[in-house]
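Participant: Please work out how this folds:
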Amino acid sequence: MYSFFWRIFLTFWLTILIVELFTAWFAVRLSESEIHPILEKQNQIFVADSNRAVAVLEAEGLRGLREWLQRASNLQAIDEIFVVNQRREEINHKPLPDNITDILGDTHADPPLPDYKPIKYILTSKATAPDTEEYLVITTFRDPHRASYLFAPQRVAFGVIVSGLICFLLARYFTSPLNKLRRSTQTLMTGEFNTSSIQNLRHRHDEFGALAVDFEKMAARLSDLLTAKRQLLRDISHELRSPLARIRVALGLVRKKHHADDSDELDRIEREIERLESLISELMMFVRIRSSNTAESMTNVDIRELLDHIVEDAQYEKQQDRSKNTIKLHCPPGIEVWADAHLLHRAIENIVRNACYYSPEQSVIHIRCEQGTDDVRIVVEDFGPGVPDDMLEPIFQPFVRVSSAREEDTGGSGIGLAIAKQVIDVHGGTLTAQNKKEGSGLIVTLSLPVRRRARGANSSSQAA
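Facilitator: Predicted coordinates for the structure are as follows:
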């Protein structure tokens with residue numbers, strides 16, 4: 001296995017070496033192609049300013065030259081100006097460098113210097129002031145700032161292009177496998193265990209390859225666990241139905257044999273049988289939601305019509321229980337979603353029944369429907385005791401209830417909200433719960449996309 005650490009180390013090391021080699025090559029090239037033009041431009045300015053100083057001296061004398069130097073103190077190309085009289089004295093009493101002293105020795109040699117003699121870094125010019133006094137004007141060249149070479153246009157352009165290209169390739173190389181793993185993780189979160197998007201990562205001989213192999217093993221293990229869990233629920237449901245059917249038959253025979261139609265004990269047994277049969281039906285429903293092909297039954301569902309039926313059934317049940325609770329529906333007409341009407345009816349009905357069960361007497365349960373840009377939100381609000389904050393998410397898991405007891409008067413089987421959550425997930429929506437900020441009560445919000453096909457059996461069966 002090639003360590004990812006060493007790949008990073010060698011990549012950046014080689015990048016630095018390449019940059020250093022190109023920098024050295026450019027330094028040589030700059031001495032020919034870039035430094036010379038910069039120096040040439042600076043030299044032209046240097047000669048022009050030097051000639052201007054000589055002209056001022058010849059026209060206005062020493063006083064005029066001093067005033068001109070004060071006005072033009074920021075000369076771009078001249079470093080120093082020395083004015084020497086015929087007695088080799090610098091009129092401003094500046095110390096003369098050795099190289100200028102040598103030049104002064106040459107000026108008195110035979111033959112004398114010409115009126116204009118440019119040297120590499122020093123320019124000497126003879127000038128005659130208005131008082132006929134002769135002077136030698138010596139100007140020294142100011143070398144351009146090193147930034148002029150460093151930030152030459154060709155060098156900057158090459159550095160930006162090469163470094164940008166190398167960094168782009170490095171970023172793609174390092175982030176591409178991470179993005180693939182991230183997409184696979186998001187797919188895994190939806191309940192699909194298809195890891196085909198990272199198949200090519202398995203052939204890498206580095207940490208990413210090892211991570212892809214471990215990720216596939218984890219996905220396979222999770223798929224097996226969920227499959228075993230659902231298979232266990234399915235098997236238990238099937239195995240319990242036959243004994244319950246025989247118990248119900250035996251119960252009927254006992255009533256007939258002993259003429260015990262009004263026996264409290266037998267009535268209690270019958271009620272418990274009905275509860276078990278209801279629980280088994282809900283378990284079977286919970287298992288079938290993921291494994292069934294909901295795409296075949298998807299259609300446009302009118303939310304107002306669906307909610308009207310649910311509210312009508314709930315109100316009828318409340319009348320049978322002689323409950324004085326009221327359900328108020330706030331839903332404009334014309335709102336539709338792409339869904340399985342039967343499953344969606346079951347999910348919302350479970351939420352409404354849960355709200356009715358926990359709401360106190362003479363309270364109002366509000367059901368609101370809102371049309372968003374991309375989704376439809378259905379909100380069920382009750383005035384019950386609410387739910388502890390740490391239980392707001394777990395209540396949508398199977399067999400989870402706020403009360404740890406399992407008596408009949410503490411609630412249902414704890415699978416109704418789990419079925420609702422399962423249905424909404426299959427439709428690509430979300431189901432959340434929150435406590436009221438003011439007063440007691442629970443707010444359950446159901447969000448569904450306006451039009452989105454549910455996952456079919458092929459994809460969802462992998463999670464079953």
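
Participant: Now stretch 358-366: buried residues?
Facilitator: 358-359, 363, 365-366 (16 or more other Cβ atoms under 10 Å). Every C-beta, even on glycine, is put in place using the N, C-alpha and C of the backbone.

Participant: is it possible to export the residues you listed to JSON lines including pLDDT?
Facilitator: Output for the buried residues of stretch 358-366, formatted as JSON lines (pLDDT from 0 to 100):
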{"residue": "Tyr358", "pLDDT": "85"}
{"residue": "Ser359", "pLDDT": "85"}
{"residue": "Ser363", "pLDDT": "86"}
{"residue": "Ile365", "pLDDT": "91"}
{"residue": "His366", "pLDDT": "92"}
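
Participant: nearest to Asp131, of these?
Facilitator: His366 (107.6 Å; Cβ to Cβ).

Participant: Burial check on the residue lying closest to that closest one once chain neighbours are set aside, number of neighbours?
Facilitator: Closest residue to His366 apart from its sequence neighbours, by Cβ to Cβ, 6 or more residues apart in numbering: Glu381 at 4.5 Å. If you count neighbours by other Cβ atoms under 10 Å, Glu381 ends up with 19.

Participant: May I have the predicted confidence score for Glu381?
Facilitator: At Glu381, the model reports a pLDDT of 93.

Participant: Which residues does it form beta bridges with?
Facilitator: With DSSP bridges as the criterion, Glu381 is bridged to His366, Ile443.

Participant: Look up how far Leu222 lies from it.
Facilitator: Distance of Glu381 to Leu222, computed by Cβ to Cβ, to the nearest Å: 36 Å.

Participant: Distance-wise, check Leu62 relative to Thr128.
Facilitator: From Leu62 to Thr128 the distance is 12 Å (Cβ to Cβ).

Participant: which of these two has more neighbours?
Facilitator: Neighbour count, other Cβ under 10 Å: between Leu62 and Thr128, Leu62 has more, with 18 against 13.

Participant: okay, that one: pLDDT?
Facilitator: pLDDT, Leu62: 83.

Participant: hang on, it packs against Ile91?
Facilitator: Yes - judged on Cβ atoms under 8 Å, Leu62 makes contact with Ile91 at a distance of 6.2 Å.

Participant: Can you tell me which of the buried residues of stretch 358-366 is nearest Val400?
Facilitator: Tyr358 (15.0 Å).

Participant: and the gap between that closest one and Gln186?
Facilitator: Distance from Tyr358 to Gln186, by Cβ to Cβ: 35 Å.

Participant: returning to what we had before: among the buried residues of stretch 358-366, which one sits closest to Pro449?
Facilitator: For these, the nearest to Pro449 is His366 (23.6 Å; Cβ to Cβ).

Participant: that older thread, roughly how far apart are the residue nearest to His366 and Pro130?
Facilitator: 103 Å.

Participant: Quick check: next helix or strand after the helix or strand harbouring Gln231?
Facilitator: Gln231 belongs to helix 207-258 when assigned by DSSP states H and E. The helix or strand immediately downstream of helix 207-258 is helix 264-291, counting by DSSP H and E.

Participant: which outside residues touch the next helix or strand after that next one?
Facilitator: Sequence-wise, the next helix or strand downstream of helix 264-291 (DSSP H and E) is strand 298-302. Applying Cβ atoms under 8 Å, 6 or more residues apart in numbering, the contact partners of strand 298-302 are 333-341, 344, 453-454.

Participant: Which of the residues you listed has the largest number of neighbours?
Facilitator: Neighbour max across the contacts of strand 298-302 (other Cβ under 10 Å) = Ala339, 31 neighbours.

Participant: Tell me how far the residue nearest to that one when sequence neighbours are not counted lies from Leu57.
Facilitator: The shortest distance from Ala339 to any non-neighbouring residue, by Cβ to Cβ, 6+ apart, is to Val301 (4.9 Å). Here Val301 is placed at a distance of 99 Å from Leu57 (Cβ to Cβ).

Participant: who's more crowded, those two?
Facilitator: Neighbour count, other Cβ under 10 Å: between Val301 and Leu57, Leu57 has more, with 24 against 19.

Participant: So that one sits against Lys126, correct?
Facilitator: No - Leu57 is beyond contact range of Lys126, at 10.2 Å (criterion: Cβ under 8 Å).

Participant: so what sits against both of the two?
Facilitator: Contacts common to Leu57 and Lys126, judged by Cβ under 8 Å, 6+ apart, are 135, 137.

Participant: name the element Phe383 belongs to?
Facilitator: Per DSSP H and E, there is no helix or strand for Phe383.

Participant: Now do the same contact list for it.
Facilitator: Contacts for Phe383 (Cβ under 8 Å, 6+ apart) come out as 359-360, 363-365, 439-441.

Participant: if we can go back for a sec, nearest to Asp390 among the buried residues of stretch 358-366?
Facilitator: The nearest one, if we look at the buried residues of stretch 358-366 relative to Asp390 and count by Cβ to Cβ, is Tyr358, at 17.9 Å.

Participant: tell me the contacts of the closest one?
Facilitator: Tyr358 neighbours (Cβ under 8 Å, 6+ apart): 382, 384-385, 411, 442.

Participant: Most neighbours of all the residues you listed, which one?
Facilitator: Asp382 (28 neighbours).

Participant: Surely that one and Ser359 touch.
Facilitator: Yes - Asp382 is within contact range of Ser359, at 4.6 Å (criterion: Cβ under 8 Å).

Participant: Need the overlap of contacts for these two.
Facilitator: Common neighbours of Asp382 and Ser359 (Cβ under 8 Å, 6+ apart) are Ile365.

Participant: which residues sit in contact with Glu90?
Facilitator: 82-84, 96.

Participant: For these, work out which two are farthest apart.
Facilitator: Val83 and Leu96 (11.0 Å).

Participant: which of these two has more neighbours?
Facilitator: Ranked by neighbour count (other Cβ under 10 Å), Val83 and Leu96 place Val83 first, with 23 against 17.

Participant: Three-state assignment for the more buried one, please.
Facilitator: Following DSSP: H, G, I helix; E, B strand; the rest coil, Val83 is assigned to strand.

Participant: Asp214 versus His221, what's the distance?
Facilitator: Wrong residue type there; residue 221 is Arg, not His. From Arg221 to Asp214 the distance is 10 Å (Cβ to Cβ).

Participant: no no, Leu69
Facilitator: Taking Cβ to Cβ as the measure, Leu69 falls 78 Å from Asp214.

Participant: Quick check: pLDDT value at Gln320.
Facilitator: 64.

Participant: quick one: pLDDT of the closest residue to Ile280 other than its chain neighbours?
Facilitator: If the residues on either side of it in the chain are set aside, Ile280 comes closest to Ser237, at 4.8 Å by Cβ to Cβ, 6+ apart. pLDDT for Ser237: 70.
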